[in-house]
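Student: Turn this into a model:
(2 chains)
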Number of protein chains: 2
Amino acid sequence: MPNNLNNFFHPKSIAVIGASAHEGKVGNDIVRNLIKSFSGKIYPVNLKEKTVEGLQAYSSILNIASAVDLAVIVIPAQFVPQAVEECGEKKCQNIIIISVGFKEIGRAGEELEKQIAELVKKYGIRVLGPNCLGYISTNPKIDASFGRSFPKAGNIAFASQSGALGTAVLDMAQAQHLGFSYFVSMGNKLDINELDLLEYFYADKKTKVILMYLENIADGQRFMEIAKKVSQKKPIIILKAGKTEKGSRAVSSHTGSLAGAAEAYSAAFKQSGIIEAEYLENFFDFAEGFSLQKMPSGNKVAVVTNAGGPGVLVTDVLPQYGLELADLSPSIIKKLKANLPEAASVINPVDVLGDAKADRYGFALELLIKEKNIDAAIVVLTPQKMTEIKETAQTIGQISKKTKKPIILCFMGEAEIDKNYAVFKEYSLPQYNFPLQAVKVLGQMLECRKRQESGVEEAKGNQLAKDKKSRETAGKILEKSILTEVDSREIFSLFDFPLHRAALAEIKEEALVVAEKIGYPVALKVVSPDIVHKSEAGGVKLGVKNREELSQAIDEMKRGLSRSKPAPKIDGYLVGEMVKGLEVIIGMKRDPQFGPLIMLGLGGIYTEVFKDVTFRIAPFGLAEAKKMIKELKIYPLFSGARGQKPLDVNALARILVKLGDFSLLFESVKEIDFNPVMVKEDGAVIVDVRIIK
Amino acid sequence: MPNNLNNFFHPKSIAVIGASAHEGKVGNDIVRNLIKSFSGKIYPVNLKEKTVEGLQAYSSILNIASAVDLAVIVIPAQFVPQAVEECGEKKCQNIIIISVGFKEIGRAGEELEKQIAELVKKYGIRVLGPNCLGYISTNPKIDASFGRSFPKAGNIAFASQSGALGTAVLDMAQAQHLGFSYFVSMGNKLDINELDLLEYFYADKKTKVILMYLENIADGQRFMEIAKKVSQKKPIIILKAGKTEKGSRAVSSHTGSLAGAAEAYSAAFKQSGIIEAEYLENFFDFAEGFSLQKMPSGNKVAVVTNAGGPGVLVTDVLPQYGLELADLSPSIIKKLKANLPEAASVINPVDVLGDAKADRYGFALELLIKEKNIDAAIVVLTPQKMTEIKETAQTIGQISKKTKKPIILCFMGEAEIDKNYAVFKEYSLPQYNFPLQAVKVLGQMLECRKRQESGVEEAKGNQLAKDKKSRETAGKILEKSILTEVDSREIFSLFDFPLHRAALAEIKEEALVVAEKIGYPVALKVVSPDIVHKSEAGGVKLGVKNREELSQAIDEMKRGLSRSKPAPKIDGYLVGEMVKGLEVIIGMKRDPQFGPLIMLGLGGIYTEVFKDVTFRIAPFGLAEAKKMIKELKIYPLFSGARGQKPLDVNALARILVKLGDFSLLFESVKEIDFNPVMVKEDGAVIVDVRIIK
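Tutor: Reported below is the predicted structural model:
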């Protein structure tokens, strides 16, 4: 059995439990939609009616003599468990529950869902919904939904957690002649969810692009696992709603305040090769581009336009999306000059002028798209007096069929342009009204191709897991009710994290000896189970230059702290080396959905203002860790900007991977801050560690 | 004469010079468009034809007996000067030159334009174009263009420097039933340009919103002056193409590398109260919102939706545009609860559920919009089974008519939604397919209202201009062929810029004395006319702690520098105090269009990576300077973040204003860097100054 949703999506007979003879009822819409679309057997089930829409009706699914492959249930919630039970008895193993009144209305509905879940288990049934629109398949043609319209057949599989949003997207898609393989409304996801659908669409030959609107994810780690596999073959485009949802208010670490649920989702998507649509418009635009065109193999773009200004508007946005105007070779320029009117611009963007008809567009585009150093073309058109909109699209379409490079239309306008959507789609040409849209899509396609080529990194085994002894020791320390910095340092040093040289001194005299060994200047920090925010409490003194200063600093610190009520217990002083380097912050926050979320970012006073941070879900390997470093805006400072030597990116990457592995081992740890970590030309040093359980 | 374009836009008779009897010719289109639209006299002028489109034709404008108020010229470029001359003789003082073949094709065309410019002066003629589409006025109805379509009448005045883009925008507007007062294609702007049109639209009673697509600006300072006045009364929305245009490559200062033409334009727009549309889609969306609705007086938004997911999508983007979900009062919640179905969400966003008809939307919206703490509403609709799209729009429209608060539609979909555009516009409801669009527009309207309320700052007189003696002295120093840091310091100290304490020492012994006076630690910098980049050359040493270190540092510096070939001439050493504070950079770059462009930004190693910079055109006053500071991402660090005391924003603002005034006085100065400027709790200190002529 390659995928157990195969039967679900390929029924030969469908029963509608709650079929209605009354127009306007959902139970009637579904029967009508099925009659219009489905070539198999349809069995309306209705307690009272003899026929529904001309079909013989049954009072129970159990009364149907033949086999039923799929049941669509659309009766009041409280009767649904009974209906599911009957489906089980009838050996109908695929069910869509359209009915509302479940989890979404609170406790009572949740209870009903639980009952159904047990039946599902008992009979080995697959269920879509409840509280969903149903599904639509375009080939084989099945409309098992109460949607308003049946989409064009095509290669986009679209699963939506919101039925309403699904309807809206289908409505937009219809206007633009976009084609779908499936539309699946997931509803409350009692059983079938995004994981199942990813697997199914992955194997489905009709599907080229997977589109998902999600409000949550059932199983984060498993989702990532599947998505990593799927995204290598088919682009997955996800729109995740609820980005502003605030995480838990009780944030105690620096990392905690910067890492929310939205960051965890974005990290998971990125690591899994998923294309995240920031806004609904991208979602839609991306779907069109990926559905219709090939991905570019490089970032050099040719622009052909019939007006200068709009050409400039395209050029203006290219660099924002990693794209560049291709330089044209002298021989191309010569050919363009020889064949275009004198006033034409023969450097990229190529302006074929306002009176250009289809043939002139065709000449220029054909010439350009054949060039080795051109990876893609954007064709801009404004509807001027002489402009042949339809013929130009057809000419471009012919050229597009003969090339492996993507060609994207930016025909600007609406009233005149939209009439020609059928032509655009006949030739598989994505069409966008605005330059930004066209450029964004092309940029995203390039990004996707690059990701597929570089592959997804396989997580290596957890290196720290082997060290049983250290695990045990660390586990014991972690049992303490309050962890001081000394405790935390001990735990991380067990696993050879590169901590800065420091030692605990219980009294001043000992501190002076320690400082001598470490070498001045030193950093002095109080160690106390009662003080959480050491800096604010006056428990930190940096850059202590010599013996006298240290002695004085300890006296002052002691005096200052003793004035607090109640006076904190002082375990001693941590005397550590002063480390120079680029200041970064590393942290971990355990995300309920995905597990340990590892953060890397700019440290120091600018951390909060620039939020130059990036995230990954553990586990991940060195390659992914290095990608994190490269994603930072401050990356140029690592690679030797301003005449400096490059910094030790590998050492920093090793800390990130290790912190991920560590966090997977010790699940009681909620948050970790390494702040600051100083990155040097050789090595990276963790100067301050904090564990929050 | 309140505005001399009045006659241009209100002709009673129009001659078309180059009128053609042949369909397909531009000279024919114009006559037809005039016949269709214009109620005054139309005189075709054609050498050969007796009639054109049923109208009597004349062989020359001079042969027309009656007066001609406006002439549209559409003959080959080389004959245009002659035609203009004849217009002059005929006392026709308003001309549109449609013809191409002028400045846009190079030297020969430029020559022709000059000839025309002289005639224009001689006869006091106003000219639109050449190389333009003409203009359209909806009231009085005049289509003096060869455009494809005549827009709906309305309150948007739209001037475009690209005819093609203008056509595209009109085409989009038509699909969305947007109404225009004027469409003016400016072409090469031989005479009539954005300045004239701003003035004209300002006075025009039919115009509520001014829309401009610009590729360049004729007179930067004058443009700002006019725009400041106009924007106080009517929103000006500008799309500026060519943002990636690279400035002069020969950039020698830090400021120069960060400040390009795009930054100058953006600064000028911001200071003048202009709304800059970053992309064409914003341009269009903003136009719709400003044209149809009122501006909100606060940032509290109510969202009414018939589906949860789409409501969340709106909520997700609100904070990005300075908007917030309004908190609903207990009494409102109670009323909503009492009247909406149980499953409805009665906290904002208010979810009236998928089966909501027009009345339920109406009930919720009417209740919400009356609330004191709600400033605006966004109504989200997805086209579900029971949804009444048209009736819902009508109901909302009725409510909108009774309130002063803006209401914006986000009806998601296309095929089903777009059918109802006429209804949306009948009730002046802006409608956007996507949440981001709706939110962005509302955010921009709030921004505009705030700007109008706070007013535009009047530039005070140049305070530095009075000090004649200092001006003379500074002028003399500026005559030097190469300015050392000592020279630059002298110039700025003449005008009491707060420079850090420092003194020139010609020899080591003198340096030791100076350092003693200033107090250790000190900064040591070589002074040499031959060294531009002191740090890179090894000519800077910071934090010199004591006498021995200074002595050693000077020796080493001398030795190091002497190894360069040719060895630089060393004038001495600048010994200065070490200043602590927040490190910023201030600079000036003279923009050819607007004059001195003043920059403020984050200093130090992060300057280039974060580009946290902001710009203004001089002159400006303290209020504007403080706005600059507030625009920085690092602003929280000024206002006392992380338990620090607030920094001296006033002192920093004074430097900015003064640098603007200074730059206006000394036009030979091309670029200035103050880098770093250290901002302290009391005062701000300029540590390094550089003048580039």
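
Student: State the distance from A:Val649 to A:Leu119.
Tutor: A:Val649 sits 55 Å away from A:Leu119, going by Cβ to Cβ, to the nearest Å. Where C-beta positions appear, they are placed from N, C-alpha and C, glycine not excepted.

Student: so what's A:Ala144 up against?
Tutor: Listed by Cβ atoms under 8 Å, 6 or more residues apart in numbering or on different chains, the contact set of A:Ala144 reads A:14, A:30, A:33-34, A:38, A:70, A:72, A:96, A:134-137.

Student: how about the residue most central in space within chain A, secondary structure?
Tutor: For chain A, the residue nearest the mean C-alpha position is A:Phe269 (2.9 Å; Cα atoms, centre = their mean). Classification of A:Phe269 using DSSP: H, G, I helix; E, B strand; the rest coil returns helix.

Student: Kindly report the same for A:Leu647.
Tutor: Per three-state DSSP, A:Leu647 ends up coil.

Student: Ramachandran angles for it?
Tutor: Backbone dihedrals for A:Leu647, given as degrees, to the nearest 10, come out at phi -90, psi 170.

Student: Model confidence for the closest residue to chain B within the stretch 1-150 of chain A, exactly?
Tutor: At 5.6 Å from chain B, A:Ile105 is the closest residue in the stretch 1-150 of chain A, using Cβ to the nearest Cβ. On the pLDDT scale, A:Ile105 is placed at 84.

Student: give me every residue that touches it.
Tutor: B:342-343.

Student: ok, now with 7 Å
Tutor: B:Ala343 (Cβ atoms under 7 Å, 6 or more residues apart in numbering or on different chains).

Student: repeat for the one 4 residues further on
Tutor: Contact partners of A:Gly109, counting by Cβ under 7 Å, 6+ apart, are A:77, A:101-103.

Student: do A:Tyr213 as well
Tutor: Counting by Cβ under 7 Å, 6+ apart, A:Tyr213 has contacts A:160-162, A:165, A:239, B:309.

Student: And those residues, which of them are buried?
Tutor: A:160-162, A:165, A:239, B:309 (16 or more other Cβ atoms under 10 Å in any protein chain shown).

Student: Check which residues of the longest helix belonging to chain A are buried.
Tutor: In chain A, taking DSSP state H as the definition, the longest helix is helix A:435-454. Buried residues in helix A:435-454, counted by 16+ other Cβ under 10 Å: A:435-446, A:448-449, A:451-452.

Student: quick one: the strands in the stretch 101-250 of chain A?
Tutor: A:126-128, A:134-138, A:141-145, A:152-160, A:179-185, A:209-214, A:236-240 (DSSP state E, counting those that start in this stretch).

Student: and the ones you listed as TSV, adding mean pLDDT and distance to B:Leu280?
Tutor: Listed next are the strands of the stretch 101-250 of chain A as TSV, based on pLDDT from 0 to 100; distance: least, Cβ to Cβ, whole Å:
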stretch	mean pLDDT	distance to B:Leu280
strand A:126-128	97	41
strand A:134-138	97	34
strand A:141-145	97	36
strand A:152-160	97	26
strand A:179-185	97	28
strand A:209-214	96	26
strand A:236-240	96	23
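
Student: Relative to chain B, how far out is A:Lys545?
Tutor: Note on A:Lys545: its distance to chain B, by Cβ to the nearest Cβ, to the nearest Å, is 10 Å.

Student: That should have said A:Ala393, apologies.
Tutor: Taking Cβ to the nearest Cβ, one finds A:Ala393 at 16 Å from chain B.

Student: Report the secondary structure state of that residue.
Tutor: Of the three states, A:Ala393 takes helix under three-state DSSP.

Student: correct me, but it touches A:Ala422?
Tutor: No. Using Cβ atoms under 7 Å, A:Ala393 is not in contact with A:Ala422, being 9.9 Å away.

Student: Between these two, which has more neighbouring residues?
Tutor: Using other Cβ atoms under 10 Å in any protein chain shown, the more surrounded residue of A:Ala393 and A:Ala422 is A:Ala393, with 28 against 10.

Student: What number of neighbouring residues does the closest residue to that one other than its chain neighbours come out with?
Tutor: Spatial nearest neighbour of A:Ala393, chain neighbours left out: A:Val423 (4.9 Å); criterion: Cβ to Cβ, 6 or more residues apart in numbering or on different chains. Using other Cβ under 10 Å, A:Val423 has 19 other residues around it.

Student: still on that earlier bit, JSON lines for the contacts of A:Gly109, including neighbour count and distance to chain B?
Tutor: Converted to JSON lines, those look like this (neighbours: other Cβ atoms under 10 Å in any protein chain shown; distance: Cβ to the nearest Cβ, whole Å):
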{"residue": "A:Ala77", "neighbour count": "20", "distance to chain B": "12"}
{"residue": "A:Gly101", "neighbour count": "16", "distance to chain B": "8"}
{"residue": "A:Phe102", "neighbour count": "24", "distance to chain B": "11"}
{"residue": "A:Lys103", "neighbour count": "19", "distance to chain B": "12"}
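
Student: measure A:Gly354 to chain B for me?
Tutor: On the measure of Cβ to the nearest Cβ, A:Gly354 and chain B end up 6 Å apart.

Student: one step back: in PyMOL, how would I select just the buried ones from the contacts of A:Ala144?
Tutor: Listed next is the PyMOL selection for buried residues among those, using 16+ other Cβ under 10 Å:
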select buried, chain A and resi 14+30+33+34+38+70+72+96+134+135+136+137
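
Student: For A:Glu276, give me phi and psi.
Tutor: Dihedral angles (degrees, to the nearest 10) for A:Glu276: phi -90, psi 120.

Student: wait, doesn't it sit right on A:Ile236?
Tutor: No. Look at A:Glu276 against A:Ile236 with Cβ under 7 Å: they stay out of range, at 9.5 Å.

Student: So between these two, which is more surrounded?
Tutor: Ranked by neighbour count (other Cβ under 10 Å), A:Glu276 and A:Ile236 place A:Ile236 first, with 26 against 18.

Student: returning to that earlier point: and the buried residues of helix A:435-454, which two are furthest apart?
Tutor: A:Pro435 and A:Gln452 (26.3 Å; Cβ to Cβ).

Student: Please spell out which residues along stretch A:494-514 are buried.
Tutor: Going by neighbour count (16+ other Cβ under 10 Å), the buried part of stretch A:494-514 is A:494-495, A:497-500, A:502-505, A:508, A:511-512, A:514.

Student: Could you tell me the average pLDDT over that stretch, please?
Tutor: 94.

Student: show me where the stretch 451-600 of chain A has helices.
Tutor: With helices called from DSSP state H, counting those that start in this stretch, the stretch 451-600 of chain A shows them at A:468-478, A:485-494, A:508-518, A:534-537, A:547-562.

Student: Looking at these, which one is packed in the most?
Tutor: Mean neighbour count, computed with mean count of other Cβ atoms under 10 Å in any protein chain shown, is highest for helix A:485-494 among those, reaching a mean of 20.

Student: Tell me the helices and strands packed up against it.
Tutor: helix A:468-478, strand A:522-527, strand A:689-692 (3 or more Cβ pairs under 7 Å, 6 or more residues apart in numbering or on different chains; DSSP states H and E).

Student: One more pass at 10 Å, please.
Tutor: On a contact count with 3 or more Cβ pairs under 10 Å, 6 or more residues apart in numbering or on different chains; DSSP states H and E, helix A:485-494 meets helix A:468-478, strand A:502-505, strand A:522-527, strand A:572-577, helix A:649-665, strand A:671-679, strand A:684-686, strand A:689-692.

Student: and the closest residue to A:Glu85 other than its chain neighbours, what does it touch?
Tutor: Using Cβ to Cβ, 6+ apart and skipping residues adjacent in sequence, the residue nearest A:Glu85 is A:Leu119, 5.7 Å away. The contact partners of A:Leu119, by Cβ atoms under 10 Å, 6 or more residues apart in numbering or on different chains, come to A:80-88, A:95, A:125, A:127.
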